[in-house]
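Student: need a structure here:
(chains A and B)
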Amino acid sequence: DQQVKQNSPSLSVQEGRISILNCDYTNSMFDYFLWYKKYPAEGPTFLISISSIKDKNEDGRFTVFLNKSAKHLSLHIVPSQPGDSAVYFCAARGGSRLTFGEGTQLTVNP
Amino acid sequence: KAGVTQTPRYLIKTRGQQVTLSCSPISGHRSVSWYQQTPGQGLQFLFEYFSETQRNKGNFPGRFSGRQFSNSRSEMNVSTLELGDSALYLCASSLGQLLYEQYFGPGTRLTVT
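Tutor: As a prediction, the model looks like this:
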């Protein structure tokens, strides 16, 4: 079963606007959540993370929100830039493994 | 500090053959994980090694195996290749046991014909 799901395969936004990427999970034992960004022909790079004991973590233009009751997390990018165009994966940690979502292709249009 | 390196970057094999992929983690990292990425499937977890021991294994058939050496370098082997094994294979390393952040290599693109 897919324990981590990113229901939007793609998202297109205008430069300068907010990008919101969503992720849902089913396993309440996940204790740590991460977002990765992936460019073509490169491996994913770590972006930002959040512990399950928090509901928000901010790093520059990137903010991750966690709603444990809804088992939902989101990544906000403000303002969006063309260089942010990439595939974004959310991941959840349970034990000694990470479970990844399917990814969302973000396109930021100039 | 050098990043995670994977060799080879590209590989073409035929059905029935076997293949070995290599991963060198970031210096000092003791945990190495392997993932398979196919279109629309995200990253599927294969297995994770820590200090030469396999700690966790994903839902892949026994044709997929791996090992880790004392210097933390890791190899992944796939035997009796099938067309469906064509994918990007990613290796990731992390410092300790808790996998706070994993650092990925560029991947090996395997094509099975």
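Student: ok, and the closest non-adjacent residue to residue 49?
Tutor: All of this refers to chain A. Leaving out its chain neighbours, the residue that sits closest to A:Ser49 by Cβ to Cβ, 6 or more residues apart in numbering or on different chains is A:Leu34, at 4.4 Å. No exception for glycine: its C-beta is placed from N, CA and C like everyone else's.
Student: switch to chain B, that's the one I care about
Tutor: Nearest non-adjacent residue to B:Tyr49 (Cβ to Cβ, 6+ apart): B:Gln68, at 3.7 Å.
Student: And that neighbour, how close does it get to A:Ser69?
Tutor: In this structure, B:Gln68 lies at 39 Å from A:Ser69, with Cβ to Cβ, to the nearest Å as the measure.
Student: what about residue 15, neighbour count?
Tutor: Went with chain A since none was named. Here the neighbour count serves as a burial measure; for A:Glu15 (other Cβ atoms under 10 Å in any protein chain shown) it reads 13.
Student: hm, I was asking about chain B
Tutor: By the other Cβ under 10 Å criterion, the neighbourhood of B:Arg15 contains 11 residues.
Student: got the contact list for it?
Tutor: Contacts of B:Arg15 were listed using Cβ atoms under 8 Å, 6 or more residues apart in numbering or on different chains, and they are B:Leu81, B:Glu82, B:Leu83, B:Val112, B:Thr113.
Student: Mind doing that once more with 6 Å?
Tutor: Under the criterion of Cβ atoms under 6 Å, 6 or more residues apart in numbering or on different chains, the contact partners of B:Arg15 comprise B:Leu81.
Student: Which stretches in the chain count as strands?
Tutor: By default, I'm working from chain A. For chain A, applying DSSP state E gives strands covering A:4-5, A:10-14, A:19-25, A:32-38, A:45-51, A:56-59, A:62-67, A:72-77, A:86-94, A:97-100, A:104-109.
Student: that's the wrong chain, I wanted chain B
Tutor: Along chain B, counting by DSSP E, strands occupy B:5-7, B:10-13, B:19-24, B:31-38, B:42-50, B:53-57, B:64-68, B:74-78, B:87-94, B:103-104, B:108-112.
Student: Next, the contact list for residue 85, please.
Tutor: In the absence of a named chain, this looks at chain A. A:Ser85 sits next to A:Thr107, A:Val108 when contact means Cβ under 6 Å, 6+ apart.
Student: Sorry, I should have been clearer: chain B.
Tutor: Shown here is B:Asp85, whose contacts under the criterion Cβ under 6 Å, 6+ apart are B:Val78, B:Val112.
Student: still on that earlier bit, reformat the strands of chain B as JSON lines; add mean neighbour count.
Tutor: As requested, the strands of chain B are exported to JSON lines (neighbours: other Cβ atoms under 10 Å in any protein chain shown):
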{"stretch": "strand B:5-7", "mean neighbour count": "16"}
{"stretch": "strand B:10-13", "mean neighbour count": "13"}
{"stretch": "strand B:19-24", "mean neighbour count": "19"}
{"stretch": "strand B:31-38", "mean neighbour count": "23"}
{"stretch": "strand B:42-50", "mean neighbour count": "22"}
{"stretch": "strand B:53-57", "mean neighbour count": "13"}
{"stretch": "strand B:64-68", "mean neighbour count": "19"}
{"stretch": "strand B:74-78", "mean neighbour count": "21"}
{"stretch": "strand B:87-94", "mean neighbour count": "24"}
{"stretch": "strand B:103-104", "mean neighbour count": "20"}
{"stretch": "strand B:108-112", "mean neighbour count": "18"}
